[in-house]
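In: Sequence below, structure please.
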Amino acid sequence: MDFSKFDKQFDLAALKKDTEEASKNSGNFESVPFGKYEVSVNKMELAESKKGDPMVVIWFKVVSGEYANRLIFYNQLITQGFQIHLMNNFLKSLGTGIDIKFESFSQYNQLLLDIAEKIDADAVEFGLEYGETSKGFSTFKLYSWHCFQPD
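Out: Below you'll find the model as predicted:
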């Protein structure tokens, strides 16, 4: 098998950098137990699932307590109307004031980037209740948010 095809498919420099960061912060990738956490949004984007389907990816970084600097991963497929509806409701709960609607995948990707930029610019942190349904699906519910003004 010719593995050089992967050299063309992936950003090798970025992959090397991510690997170095993972080595330095290996504890950050262990699962965070279900509970309530104060978090910031570390990453928000439209990505592809392993099967190639469109999926919203949000990384929450725990900002305080025993699990500070650990990540909580929220992945939501958006291939069906009810999935987009669930994601829209979650995005509205972020309280950014940005109009949340789905028109196309390109538009939705830009929407996610705009929301992430606004959250970052406003230095917003959230209270996140991270749990699980009776069927084993992770749940994500925001119960508060606040902006931090630098000194």
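In: my guess is Phe140 is in a helix, correct?
Out: No. Phe140 sits outside any helix when classified using DSSP: H, G, I helix; E, B strand; the rest coil, being strand.
In: Now it: closest residue in space that isn't a chain neighbour?
Out: Distance criterion CB to CB, 6 or more residues apart in numbering; nearest residue to Phe140, sequence neighbours excluded, is Tyr74 at 5.1 Å. C-beta: built from backbone N, CA, C; applies to glycine.
In: Tally up the residues packed near Arg130, please.
Out: Arg isn't right for residue 130; it's Tyr. Applying other CB atoms under 10 Å, we find 19 other residues in the vicinity of Tyr130.
In: Actually, Gln110.
Out: Neighbour number of Gln110 under other CB under 10 Å is 13.
In: Kindly report the same for Tyr67.
Out: Other residues close to Tyr67 by other CB under 10 Å number 20.
In: Numbering from 32 from now on, please.
Out: Yes, from this point I'll number from 32; that puts the last item at Tyr98.
In: so where do the helices sit in the protein?
Out: Ranges of helices in the chain, per DSSP state H, are 35-40, 43-55, 112-124, 136-152.
In: Arrange the ones you listed in JSON lines, one row each, with distance to Lys81 as further columns.
Out: Below are those laid out as JSON lines (distance: least, CB to CB, whole Å):
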{"stretch": "helix 35-40", "distance to Lys81": "14"}
{"stretch": "helix 43-55", "distance to Lys81": "17"}
{"stretch": "helix 112-124", "distance to Lys81": "16"}
{"stretch": "helix 136-152", "distance to Lys81": "18"}
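In: closest one to Thr170 among these?
Out: Smallest distance to Thr170 across the helices of the chain (CB to CB): 10.4 Å, for helix 112-124.
In: wait, isn't Asn96 in contact with Lys67?
Out: One thing to correct before we go on: residue 96 is Gly, not Asn. No. With contact defined as CB atoms under 8 Å, Gly96 does not reach Lys67; the gap is 9.5 Å.
In: Fine by me, thanks again.
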